[in-house]
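[1] Need coordinates for the below:
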Amino acid sequence: MDKLKHPAVAALLSLLLPGTGQMLAGQYKKGAVMLLISVTTCYMAGLASAVAAIDAWMVADKARKGTEFGEWEWF
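    Below you'll find the predicted structure:
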């Protein structure tokens with residue numbers, strides 16, 4: 001058996017970068033879709049984290065200054 005196509009190597013690759021293990025095994029289209037979904041999800045999670053951090057900063061600044069704000073107020 002080709003060491004590069006060993007199931008453990010494919011699983012490890014997909015754990016590190018989803019879809020790459022499938023591509024290694026020959027499922028190129030499936031792997032590409034999984035990779036695209038993974039990259040998109042990570043991007044969206046990063047964007048959500050950035051928005052949450054900015055909002056937390058702004059709300060904490062209002063609280064520190066004694067400015068009133070609503071329970072669901074943003075920025």
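
[2] Could you list the buried residues of the host helix or strand of A63?
    Assigned by DSSP states H and E, A63 belongs to helix 28-65. Neighbour counts over helix 28-65 (16 or more other Cβ atoms under 10 Å) mark 31, 34-35 as buried. All C-beta spots, glycine's among them, are computed from the backbone N, C-alpha and C.

[3] With stretch 63-73 instead?
    Buried positions in stretch 63-73, judged by neighbour count with 16+ other Cβ under 10 Å: none.

[4] circling back: off-centre distance for the helix holding A63?
    With Cα atoms, centre = their mean, to the nearest Å as the basis, helix 28-65 stands 7 Å off its chain's centre.

[5] returning to what we had before: out of the buried residues of helix 28-65, which one sits closest to A56?
    Checking the buried residues of helix 28-65 against A56 by Cβ to Cβ gives L35 as the nearest, at 31.4 Å.

[6] any idea how far the closest one lies from V59?
    Distance of L35 to V59, computed by Cβ to Cβ, to the nearest Å: 36 Å.

[7] Take the buried residues of helix 28-65 and write them to JSON lines, including pLDDT and distance to W74.
    As requested, those are arranged in JSON lines below (pLDDT from 0 to 100; distance: Cβ to Cβ, whole Å):
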{"residue": "G31", "pLDDT": "96", "distance to W74": "38"}
{"residue": "M34", "pLDDT": "96", "distance to W74": "33"}
{"residue": "L35", "pLDDT": "96", "distance to W74": "33"}
